[in-house]
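[1] Let's see this in three dimensions:
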Amino acid sequence: MVTFPTIARSFGHNCLTKSKPYLKSCSFHQWQYQSLGTLLSESASECVRMQRLSDSDCGIIEVNLDRPGGKNSIGKDMLRGLQHSFESINRDPSANILMICSSVPRIFCAGADLKERKTMSPSEVQSFVNSLQSTFSFLEALRIPTIAVIEGVALGGGLEMALSCDLRICGEDATLGLPETGLAIIPGAGGTQRLPRLVGKSVAKELIFTGRKVTGRDAVSMGLVNYCVPAGDAYSKALEIARDINQKGPLAIRMAKRAIDGGLEIDMASALELEEDCYEQLLHTKDRLEGLAAFAEKRKPRYTGE
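    Modelled structure (predicted):
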């Protein structure tokens, strides 16, 4: 099974100057995506579907979890689909925002496929969990903003996947938790590390030690999600945010993510140097000049990602 730790680490520190050329034409983007879609249909899981939005939403990509019989639980097949989808997005220079959604009503992801897990040897379990952790690290390291759209249940590996995203939007009826200690294990796909970075060490310990599930309203109050909206409205809110991001300079968004993520892991002086480096890489872009021109002419900017 494919693992991603080295790729994820290096990709997280990619500079604009090392990036692939940015494409201009949305129609060419759509052609390219159709090629990726053909590849997906041939080799990716049917449990994971990619969709590119069109017209003014060009640049927004949805990854939909679609395993209703298993409550979107993550087994080997779904993991392959997630890996393939994230790799495809990584290779697509026209992608600006990723939304991870569910096609199954009232279910985001119920966690690991425990029925499949029972058939594995301890070494197979360890290999699977390591691959899951690497896949979520790869998701976290994507240069573009990522949004988890949570309606209903997000437990175990499902919540760990959402924690790997930049933003989380949930409905009021959402149920979130890391119940692994009830199965005599711990979260193994990043939950013990990402949760405390969001909600603080003490709250994270309480949630993981007890396996307590929280509602959408509780999740927003503790900083676990960015927004909690009426049940059924999480997708609309996430799309609203994605559209807002999509109107901004795509290179600036990528550099902002790199500066924030990289800066949090180092001392302040080094973080400010990173910010300076990210800013400098934007100085000679066509998008920066377009932004200034649009401001002076009192019109909307037309960014091309160059």
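[2] Now do the strands in this protein.
    Assigned strands in the chain, in chain order: 48-52, 60-65, 97-102, 107-109, 146-150, 153-155, 167-171, 175-177, 214-215, 227-229 (criterion: DSSP state E).
[3] can you put these in TSV and add distance to residue 135?
    All C-beta atoms are positioned from the backbone trio N, CA, C, and that covers glycine. Compiled in TSV, the strands of the chain are given as follows (distance: least, C-beta to C-beta, whole Å):
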stretch	distance to residue 135
strand 48-52	11
strand 60-65	12
strand 97-102	12
strand 107-109	13
strand 146-150	13
strand 153-155	17
strand 167-171	18
strand 175-177	20
strand 214-215	25
strand 227-229	25
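[4] Of the ones you listed, give the one that comes closest to residue 260.
    strand 167-171 (12.3 Å; C-beta to C-beta).
[5] Listing partners with orientation, what would you give for that closest one?
    strand 146-150 (parallel), strand 227-229 (parallel) (DSSP bridges).
[6] Let me know which of the strands of the chain is the nearest to residue 76.
    Residue 76 lies closest to strand 48-52 among the strands of the chain, at 12.3 Å (C-beta to C-beta).
[7] so for that closest one, what's the average pLDDT?
    Here strand 48-52 scores 91 as its mean pLDDT.
[8] go on, stretch 226-238?
    Rounded mean pLDDT across stretch 226-238 is 96.
[9] Between the two ends of it, how far is it?
    Stretch 226-238 has its terminal residues 10 Å apart, counting by C-alpha to C-alpha, to the nearest Å.
[10] what sits up against it?
    Contacts to stretch 226-238, defined as C-beta atoms under 8 Å, 6 or more residues apart in numbering, come from residues 99, 101, 147, 149-151, 167-174, 216-217, 219-220.
[11] Kindly check the end-to-end length of stretch 229-240 for me.
    Its first and final residues considered, stretch 229-240 spans 13 Å by C-alpha to C-alpha.
[12] Buried residues of that stretch, list them for me.
    Of the residues in stretch 229-240, those buried by neighbour count under the rule 16 or more other C-beta atoms under 10 Å are 229, 233, 234, 235, 237, 238, 239.
[13] Same question for stretch 297-306.
    Taking 16+ other C-beta under 10 Å as the criterion, stretch 297-306 shows 301, 303, 304, 305 as buried.
[14] Identify those among those residues that sit within helices.
    Among those, no member falls in helices (DSSP state H).
[15] mind checking which of the strands of the chain is nearest residue 295?
    Residue 295 sits nearest to strand 97-102 of all the strands of the chain, at 23.1 Å, using C-beta to C-beta.
[16] Show me which positions of the longest helix seen in the chain end up buried.
    Assignment by DSSP H gives helix 122-141 as the longest helix of the chain. Neighbour-count burial for helix 122-141, counted by 16+ other C-beta under 10 Å, picks out 128-129, 131-141.
[17] OK, contacts around residue 249?
    Contacts of residue 249 by C-beta under 8 Å, 6+ apart are 282, 285, 287, 288, 291, 301, 303.
[18] okay, it: pLDDT?
    92.
[19] how about low-confidence regions in this structure?
    Applying pLDDT under 70 to the chain flags the ranges 1-44.
[20] domain assignment for it?
    Following the TED database, one gets these domains for the chain: 48-247, 250-297.
[21] quick one on the thing from earlier: looking at the strands paired with strand 167-171, which is buried most?
    Stretch with highest mean neighbour count among the strands paired with strand 167-171: strand 146-150 (a mean of 27; mean count of other C-beta atoms under 10 Å).
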